[in-house]
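Here's a sequence, model it:
(4 chains)
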There are 4 protein chains.
Amino acid sequence: MSGNTFGKIFKITTWGESHGAAVGVVVDGVPSGIPLKEKDIQKELDRRRPGKAAVSTPREERDKVHILSGVFGEKTLGTPISMLVQNIDVDSEPYEAVKSKPRPGHADLTYWLKYGRMDYRGGGRASGRETVGRVAGGAIAKKILGQHGVEILGHTIEAAGVKVGRKVKVEEIRENVEKNSMRCADPEVAERMKKKVLEAEKQGDSTGGVVEIRSLNVPPGLGEPVFEKLDAEISKALMSIGAVKGVEIGLGFGAAERLGSEMIDEFEVESGKIVSKTNRAGGILGGISTGMPIVARIAVKPPSSISKPTKTVNLETMENTELKLKGRFDPNICPRIVPVAESMVALVLADHMLRSGKFNPDHFGGAK
Amino acid sequence: MSGNTFGKIFKITTWGESHGAAVGVVVDGVPSGIPLKEKDIQKELDRRRPGKAAVSTPREERDKVHILSGVFGEKTLGTPISMLVQNIDVDSEPYEAVKSKPRPGHADLTYWLKYGRMDYRGGGRASGRETVGRVAGGAIAKKILGQHGVEILGHTIEAAGVKVGRKVKVEEIRENVEKNSMRCADPEVAERMKKKVLEAEKQGDSTGGVVEIRSLNVPPGLGEPVFEKLDAEISKALMSIGAVKGVEIGLGFGAAERLGSEMIDEFEVESGKIVSKTNRAGGILGGISTGMPIVARIAVKPPSSISKPTKTVNLETMENTELKLKGRFDPNICPRIVPVAESMVALVLADHMLRSGKFNPDHFGGAK
Amino acid sequence: MSGNTFGKIFKITTWGESHGAAVGVVVDGVPSGIPLKEKDIQKELDRRRPGKAAVSTPREERDKVHILSGVFGEKTLGTPISMLVQNIDVDSEPYEAVKSKPRPGHADLTYWLKYGRMDYRGGGRASGRETVGRVAGGAIAKKILGQHGVEILGHTIEAAGVKVGRKVKVEEIRENVEKNSMRCADPEVAERMKKKVLEAEKQGDSTGGVVEIRSLNVPPGLGEPVFEKLDAEISKALMSIGAVKGVEIGLGFGAAERLGSEMIDEFEVESGKIVSKTNRAGGILGGISTGMPIVARIAVKPPSSISKPTKTVNLETMENTELKLKGRFDPNICPRIVPVAESMVALVLADHMLRSGKFNPDHFGGAK
Amino acid sequence: MSGNTFGKIFKITTWGESHGAAVGVVVDGVPSGIPLKEKDIQKELDRRRPGKAAVSTPREERDKVHILSGVFGEKTLGTPISMLVQNIDVDSEPYEAVKSKPRPGHADLTYWLKYGRMDYRGGGRASGRETVGRVAGGAIAKKILGQHGVEILGHTIEAAGVKVGRKVKVEEIRENVEKNSMRCADPEVAERMKKKVLEAEKQGDSTGGVVEIRSLNVPPGLGEPVFEKLDAEISKALMSIGAVKGVEIGLGFGAAERLGSEMIDEFEVESGKIVSKTNRAGGILGGISTGMPIVARIAVKPPSSISKPTKTVNLETMENTELKLKGRFDPNICPRIVPVAESMVALVLADHMLRSGKFNPDHFGGAK
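This next block holds a predicted model:
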């Protein structure tokens, strides 16, 4: 029951079904005095929107955000900010066919088991559409973090089996990610990814990948041991995204094969500051930020909506049946997950910055 | 601030530093009427204790648990259960040497940055010693789950680069895990793991690995979308364990390389029940349990305490210095993490069973 | 920061400023399968609306509720229910005059002190308008409670110094409360209350009173000692209403003058059931419901908006000034607080019924 | 389930039954660097201890506190502080008589109804003994508040029908409260109270009263609208104390009989500061502290343990029976509630000071 709120001090509560009237979010705990306009939110929503890009679904979502509260004179009031995006251009008709046929890989069956019913139209609450609220809330978190110099950069490092295979520079991410449909920092690799993704799609299939999120200039000292460690909170945040099946920090699973001497980051003094030349820990030690970049990676499964026929059951007759989904779907979700994953990390960092008391949560920078 | 409580309805709050007077836990939300004795707890604590096993530290911890409240007439009252284990046989002397020298890979530096001070003796709060409270609380969670037929099995599937490399049977885990010092389900592999671990130790180094936790007979319908999904909560729980750098569910990172048709679990009707022949999702769809085994794996980094000298800084003089840790340490922590990881998963499942209202949280089975 | 959510399992998050675009609420934790229509909500919203009644403000609020999510096929889905009421017919112009002049008795000054700014139009977030969200959420709580036979009855027992002065029967409350503008169970007393209220209004002043809320057929066993006792939660819920300055349960402050033997409710067996002839405790013992009616009373202060001139300061010039509010205001808020107070009690009871596991929170009565 | 934790950032979790091994508390969220010794806690515990005073029970409680974690070098670490007081000199024998006979006015019956069992020895968890943990946690809260100049003063203003009947000066409270067994600020009234209390006791009866708690020098801006308003949180905190049946802030129930013009506190500028000559609101407007003293009063019921025989039922035979409690009991609990009520208010204020970000919760005043 009631798992639709995320955060402790900086909190978002998302709501809405894919084919309902609208989707939205209430953001509570936003400090007062932050300049905020709808376009600050719209900018991020447009990044999650399915573009014309070959690798994403053609459904034309016009995700126009409306800020309904919490802002006065284009500055935040310190009161909850309610935002809403209407669901338009939704065609529920095709879903009548799957009404009693849970789609394998989707949440249809578990919602039906848990709630005794479900909104089968477009996955209802379990639809990727729900991330509109996450991204809208994340946009505010990014604004707060940005004013403190924190930057969050997501990019696709693997898709359809094609890997970047090297550590890309921050500049490459900033420069290239929004320029290709895979949101990959390496344009050449992006081309090969896209090729493989489309090949699979031609076979009526979908593909997965890996997305990396780097957070730069995070102040040291964020994270609350022992259960609300920064890496634990980031893991929960990222794993709560629909298609994510794995999360790792720093060397992650690679750490399992290292020796202790190859895993630790040694400390040195450099011009009066404590530094380490390596960042194998991924910016977090003992659940607390070190000040180094926080590096997280997520495993993104291939979308479960494919045009290939799949076996399922008819919940009314309890007989085996086959499912043949019509229409086109995201053949690879990595590029669209990038802004969502960035948002989730931003929400965790903003919440912990406020909890750390590194600034006054009531007056943002004492702004008036 | 205040991150020492885990859970929403079934909650644990752990406390204690490695070299303080004691470590302990308060477990709140335990239904009344559950038969509970100290030996139920002691049994699990003994599993996390460093044994005589070649691969674990010789420090003789006599972790005798004391139940101080919440139990009357050997049955739970529904009131908080406070448990305590005294810290005896602790020798803080060797730590005087590291007083101002943060140990690389440990939380010394980040605690110092965050709190402006730290209990440097044995890592203080950041010590693995803190898991005593988790395991004690987990023992109660396991008891509740056990009465509902839920079984949680942890085992080492990789250590020091040696992998089991196959899907072991549940029976193998039950049969073999407690019989070898690596807690590996395959005795032959366990031998090779141990050999590699000891080789590295001879070089004054440590090794990592991967631990898998399977939860059997979990009722369908557990997990609260969209942020308190079962996989999100399990990820947070496992990532909050000191040495863990990665978490995956089902195929996890393997899913990134699959095609959609190779990732989904198709449904069939078998003798009136909905089943799927595969469990690639790892027992969770849309953040809700399906009823299939829940399969989680964690990446365990090599312990940061090694006898090889490491570079660090002196926080008082702010000069570079070298650290040479005396004594012996866990050369590989996987076997000791097994009961801790099982406990964290048990805590999540017990909390969600209570939240799901699948039984009366006040009277356990209406017990009187 | 972030105090806009109420409840633990059955949760509401309200948002909106008095003169913003809209006010609303997100209700999370609502079991699935509950029949729900907009008219179920509208009915309660209409009760809090300022009527034409002589004792309430003439501002014509057309509070048309819109359910935006969580309901499909006129039944709840178990997902968050988002509801919205637009702010129409708002005239902010008169408030320009008070822009820098905090109104005594109102939250203007404290919001300005806390947040460094405020939406001075109609009190912004601190306006009674915020209770729209509470009542909308309370309507769903009442629906759940109603299906379990729980009935919540609020009524005015004192206004403008005129007291009912006797224990009215439940039937009188059901029968008369909605028939007079004071929401008093005794029509004759209501007339005298109204007369006194209007007299004071003629003097440009306002009056207060006392409202009682009785909850009938509450199952025994609700409430979570020791900090989330049912009376503690009800007190918080009621004291969070703007004009409330005091809360009492059962004999309340009267208990201070009783002897122990005059305060306790003795137990007897009557046709196999444990009963007590008195209910001095007000239906709660040790923070847990007994099964007897839960009786709470609140002290309602006179509205701070009066036409009499009041002294205040100009925040820009920091000079003393005088405030002369134009327009008409609620001369007595008791009748309008009745549905709000009922809603807050309903929210507490619904939350605790779900927490008590007295029914499955996922399927409401296993409804499909 | 799980209602034993209080607070959001500064949190206490209490545990223990009256006749169990011990009672205690875990305090989480305490900033690091606060000087803390056991005697800081002991001092407050001694105030709640039943003294030799004529009006309190003779049971000799030696409440020696032990700090088990969170403090190193006599300064707080920022980690949870676990404190324990053993239950010694407990004689459970007399309670065998009430084993199946719920004591009217006590929580015996409701615990039995809720949990299906209870620790009948001395009320178990529902005993006033549980407040040991509250007072120990409150002592730390007071320490934090004290370093910010906040002072919390509790005193008895009515007992056994005898009222102080005037607003006592702060100096009188500081001067006299600890000097008389009623903890009354007026020594002469204290004598009359005591006389009445003992008269009732001779009749085998008990008496109630009213306690006032004033909080001085509270910074403006504390409290989180709209549900976590400072007055709402204080009400919950105070109502969670066993014997409390009512709570009021400022004029409280007196406000019900005032006119608006007699209730508001007008603002003036005095030597550049905004002040008000009256404090009818009791230091809180719109749920946010104004900076004026916060004034709360609680109705304290007469203790339910009296030597007069009372009617009850035998839960085994379900027959009517009579209860004749042996031994002596607190004839009036007001003086012992004073430190408990102070502690609860201190916990709320400390939590909200930390939430307000008015100082860094990690480093207390940046202490090292």
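
my read is A:Val295 is in a helix, agree?
No - counting by DSSP: H, G, I helix; E, B strand; the rest coil, A:Val295 is not part of a helix but strand.

got the contact list for it?
Neighbouring residues of A:Val295 by C-beta atoms under 8 Å, 6 or more residues apart in numbering or on different chains: A:212-215, A:249-250, A:279, A:282-283. The C-beta positions use only the backbone N, C-alpha and C, and glycine is treated the same way.

Can you tell me the closest non-neighbouring residue to it?
Of all residues not flanking A:Val295 in the chain, A:Gly282 sits nearest, at 4.2 Å (C-beta to C-beta, 6 or more residues apart in numbering or on different chains).

In contact with that neighbour, which residues?
For A:Gly282, the contact set (C-beta under 8 Å, 6+ apart) comprises A:231, A:249-252, A:292-296, B:245.

The closest residue to A:Gly286 other than its chain neighbours and chain C: what is the separation?
Nearest residue to A:Gly286, sequence neighbours excluded (C-beta to C-beta, 6+ apart): B:Ala107, at 2.3 Å. When distance is defined by C-beta to the nearest C-beta, to the nearest Å, B:Ala107 is 27 Å away from chain C.

burial of B:Ala107, as a residue count?
B:Ala107 has 27 neighbours, counted by other C-beta atoms under 10 Å in any protein chain shown.

now the end-to-end length of stretch A:215-224.
18 Å (C-alpha to C-alpha, to the nearest Å).

before we move on, what about stretch A:286-294?
Length of stretch A:286-294, first residue to last, C-alpha to C-alpha: 13 Å.

That one - what's its average pLDDT?
Summarised as a single mean, pLDDT over stretch A:286-294 is 97.

what residues does that stretch touch?
Here stretch A:286-294 makes contact (C-beta under 8 Å, 6+ apart) with A:214-216, A:218-226, A:228-232, A:234, A:249, A:265, A:276, A:279, A:281-284, A:345, B:106-107, B:109-111, B:113-114, B:126, B:240, B:242.

among the residues you listed, which are in strands?
A:214-216, A:249, A:284 (DSSP state E).

So which of those reach chain B?
Intersecting the ones in strands among the contacts of stretch A:286-294 with the contacts of chain B gives A:249, A:284 (criterion: C-beta under 8 Å from any C-beta of the partner chain).

Which elements pack onto the least confident helix or strand in chain A by mean pLDDT?
Each helix and strand of chain A was given a mean pLDDT (mean pLDDT, DSSP states H and E); the minimum falls on strand A:273-275 at a mean of 91. Secondary-structure packing of strand A:273-275 (3 or more C-beta pairs under 8 Å, 6 or more residues apart in numbering or on different chains; DSSP states H and E): strand A:268-270.

re earlier: show me the strands paired with the least confident helix or strand of chain A, marking each as parallel or antiparallel.
Strand A:273-275 sits in its sheet next to strand A:268-270 (antiparallel), going by DSSP bridges.

averaged over its residues, what pLDDT does the strand it pairs with have?
Regarding strand A:268-270, the rounded mean pLDDT is 94.

Contacts for that strand next, please.
With C-beta under 8 Å, 6+ apart as the test, strand A:268-270 has contacts from A:274-277, B:311, B:313, B:318-320.

Could you list the buried residues of it?
Under the neighbour-count criterion of 16 or more other C-beta atoms under 10 Å in any protein chain shown, strand A:268-270 has A:Val269 buried.

next one: it to chain centre, how far?
Between the mean C-alpha location of strand A:268-270 and the chain-wide mean there is a distance of 36 Å, by C-alpha atoms, centre = their mean, to the nearest Å.

which of the contacts of stretch A:286-294 are buried?
Among those, the ones that count as buried by 16+ other C-beta under 10 Å are A:214-215, A:218-226, A:228-232, A:234, A:249, A:265, A:276, A:279, A:281-284, A:345, B:106-107, B:109-111, B:113-114, B:126, B:240, B:242.

Which parts of chain A are helices?
Applying DSSP state H to chain A gives helices spanning A:38-48, A:108-115, A:131-147, A:170-176, A:187-202, A:230-239, A:260-263, A:334-355.

and B:Val30, which of the ones you listed is closest to it?
Ranking the helices of chain A by proximity to B:Val30 (C-beta to C-beta) places helix A:230-239 first, at 23.3 Å.

how far is the closest one from where the chain is centred?
11 Å.

ok, that helix near chain B or not?
Yes - using C-beta under 8 Å from any C-beta, helix A:230-239 comes into contact with chain B via A:231-239.

burial count for the residue of the stretch 201-350 of chain A found nearest chain C?
Residue of the stretch 201-350 of chain A nearest chain C, by C-beta to the nearest C-beta: A:Leu315 (10.7 Å). By other C-beta under 10 Å, the residues close to A:Leu315 number 18.

Ok, A:Glu212 next?
22.

okay, whichever residue of the stretch 51-200 of chain A sits closest to chain B: pLDDT?
Ranked by C-beta to the nearest C-beta, the top residue of the stretch 51-200 of chain A for proximity to chain B is A:Ala107, at 2.3 Å. Per-residue confidence (pLDDT) for A:Ala107: 96.

Tell me which residues touch it, please.
Applying C-beta under 8 Å, 6+ apart to A:Ala107 gives the contacts A:123, A:126, B:225, B:285-288.

ok, now A:Ile41?
Neighbouring residues of A:Ile41 by C-beta under 8 Å, 6+ apart: A:65, A:67, A:83, A:136, A:139-140.

Make TSV from these and add pLDDT, neighbour count and distance to D:Ile9 to it.
Output for those, formatted as TSV (pLDDT from 0 to 100; neighbours: other C-beta atoms under 10 Å in any protein chain shown; distance: C-beta to C-beta, whole Å):
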residue	pLDDT	neighbour count	distance to D:Ile9
A:Val65	97	24	31
A:Ile67	98	22	28
A:Met83	98	28	27
A:Ala136	98	29	26
A:Ala139	98	24	26
A:Ile140	98	29	21
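
can you redo those as CSV with distance to chain B?
As requested, these are exported to CSV (distance: C-beta to the nearest C-beta, whole Å):
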residue, distance to chain B
A:Val65, 19
A:Ile67, 22
A:Met83, 16
A:Ala136, 14
A:Ala139, 18
A:Ile140, 17
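
and chain C, which of those reach it?
Contacts with chain C within the contacts of A:Ile41, as defined by C-beta under 8 Å from any C-beta: A:Ile67.

any low-confidence regions in chain A?
Across chain A, the ranges flagged by pLDDT under 70 are A:51-61, A:358-368.

at 90 what do you get?
Residue ranges of chain A with pLDDT under 90: A:1, A:49-62, A:88-99, A:117-118, A:120-122, A:272, A:324-329, A:356-368.

doesn't A:Val340 make contact with A:Ala243?
No - look at A:Ala243 against A:Val340 with C-beta atoms under 8 Å: they stay out of range, at 9.5 Å.

which neighbours do these two share?
Residues touching both A:Ala243 and A:Val340 by C-beta under 8 Å, 6+ apart: none at all.

if we can go back for a sec, distance to C:Asp46 added to the helices of chain A, as TSV?
Shown next, in TSV, are the helices of chain A (distance: least, C-beta to C-beta, whole Å):
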stretch	distance to C:Asp46
helix A:38-48	32
helix A:108-115	30
helix A:131-147	30
helix A:170-176	55
helix A:187-202	53
helix A:230-239	41
helix A:260-263	65
helix A:334-355	38
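
So which of those is nearest B:Val189?
When the helices of chain A are compared by C-beta to C-beta, helix A:260-263 sits nearest B:Val189, at 21.7 Å.

Now do that closest one: distance to the chain's middle.
On C-alpha atoms, centre = their mean, the centre of helix A:260-263 falls 31 Å from that of its chain.
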